[in-house]
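1. Sequence first, then the predicted structure, then my questions.
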Amino acid sequence: MPPCRASLCTTPLVLLVDEFGCRTTFQLIAGVNLLLIVVLYTVARDTPEGEGEKSSGPEAKEKSEGAISRVLLLLKQRDYWIISSGTFVSYGVFAAFQSLWAGPYLLEVMGFSAIAAGNTILLMNMGVIAGAPVWGALSDRLLKTRKWLVVAGHVVLGGIVLAIGLLSRKAGFGFLAFLFFLFGFFRMTGALMYAQIKELMPLHMAGTAMTGINFFTMTGPAVFLQGLGALMQTLYPNASRSAAAFQVSFGEAEAPIIIPKTGSAKMGLLEGRRMRALNNQQLLQVTTRSTRKAPWPSEMQTIFCSP
């Protein structure tokens with residue numbers, strides 16, 4: 001759904017603004033969002049039908065303590081911090097470029113029309129949609145690895161970001177559109193990091209682990225949206241949206257995309273199905289405490305607790 005939503009903000013949004021103007025277009029978008037809120041409030045439930053409110057007795061306290069234990073356990077993992085830093089940079093750069101800086105770059109540096117710029121950004125989202133099933137199939141069925149696809153994909157992604165920043169106006173729409181499509185396509189190797197952290201954690205901690213990763217995924221755009229703009233404004237105060245300013249910002253964005261991935265490849269921290277930073281005793285203690293009424297099947301204990 002996010003790629004589809006982002007796609008609506010490209011060429012379709014440009015066409016709406018051209019037809020109705022900015023004010024009417026955004027009033028229409030606000031109305032649609034208000035309608036969605038009313039529908040969700042009417043249809044969605046807090047609890048499954050037939051169940052009452054959640055209890056607040058000893059059982060609820062025990063669940064709360066178990067959740068805190070799982071979070072503390074997650075924060076001790078080096079793998080968690082490496083994957084989090086990777087998705088922070090990867091999605092942060094992508095979202096900052098897709099949602100804000102691609103527009104000024106295409107319009108002011110490359111000289112595209114609004115429709116051409118919208119079409120180019122749309123192709124980036126098409127790359128995201130195309131890349132997700134491809135990388136998933138490669139990692140699950142063919143290559144049987146998450147780590148090396150993430151590492152290779154992000155090295156290529158960093159090169160694409162640098163190449164886009166170095167292009168001149170002579171490059172033409174076709175070549176730049178192709179690079180934008182590849183930008184989205186290779187960015188989706190980052191989605192494999194969610195599967196990676198899920199496999200590194202016990203099954204009952206999968207939700208906690210992916211929520212922890214998602215925190216950094218969403219923080220990345222907030223940092224890079226502002227950070228790239230501040231960098232260009234600081235280095236080029238009189239020409240903050242010039243070709244030179246974008247070249248510097250793209251160069252600065254390219255390095256952190258590649259460095260965490262190559263570092264993680266050397267350290268070998270992103271491969272496997274076991275928790276490497278915990279000993280078996282710690283893992284079994286947390287498991288026993290948080291799943292007393294639903295113990296792991298023996299095959300799950302073999303996967304996560306074998307030496």
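-> All right, it came through fine.

2. Could you grab the helix/strand/coil label for P237?
-> coil (DSSP: H, G, I helix; E, B strand; the rest coil).

3. quick one: pLDDT of it?
-> pLDDT recorded at P237 is 92.

4. Likewise for R273?
-> 41.

5. Next: the one 5 residues further on.
-> Confidence at L278, expressed as pLDDT, is 41.

6. Next: L167.
-> pLDDT, read off for L167, is 88.

7. Was I right to think it contacts F173?
-> No: counting by CB atoms under 8 Å, L167 does not reach F173; the two are 11.4 Å apart. C-betas here are computed from N, CA, C, even on glycine.

8. For the strand or helix carrying S90, list every residue counted as buried.
-> Assessed by DSSP states H and E, S90 sits inside helix 78-96. By neighbour count on 16 or more other CB atoms under 10 Å, the buried set for helix 78-96 is 79-80, 82-96.

9. L167 and F173: who's more crowded?
-> L167 (19 against 15; other CB atoms under 10 Å).

10. list the contacts for the more buried one?
-> L167 sits next to M110, F175, L176, L179 when contact means CB atoms under 8 Å, 6 or more residues apart in numbering.

11. Now do the strand or helix carrying N214 against helix 78-96, angle only.
-> Using DSSP H and E, the element containing N214 is helix 206-235. Orientation check (axes from the mean of the first three to the mean of the last three CA atoms, to 10 degrees): helix 206-235 against helix 78-96 gives 50 degrees.

12. And the helix or strand where V155 lies, what does it pack against?
-> Using DSSP H and E, V155 sits in helix 147-166. On a contact count with 3 or more CB pairs under 8 Å, 6 or more residues apart in numbering; DSSP states H and E, helix 147-166 meets helix 78-96, helix 173-187, helix 192-200, helix 243-267.

13. can those helices go into JSON lines with extra columns for distance to R23?
-> What follows is these, written out as JSON lines (distance: least, CB to CB, whole Å):
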{"stretch": "helix 78-96", "distance to R23": "26"}
{"stretch": "helix 173-187", "distance to R23": "29"}
{"stretch": "helix 192-200", "distance to R23": "39"}
{"stretch": "helix 243-267", "distance to R23": "30"}
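
14. rank those helices by mean pLDDT and give me the bottom one.
-> helix 243-267 - the lowest mean pLDDT of the helices and strands packed on helix 147-166, at a mean of 70.

15. Now Y236. Its backbone dihedrals?
-> As for Y236, its main-chain torsions (degrees, to the nearest 10) stand at phi -130, psi 70.

16. Fine by me, we can end here.
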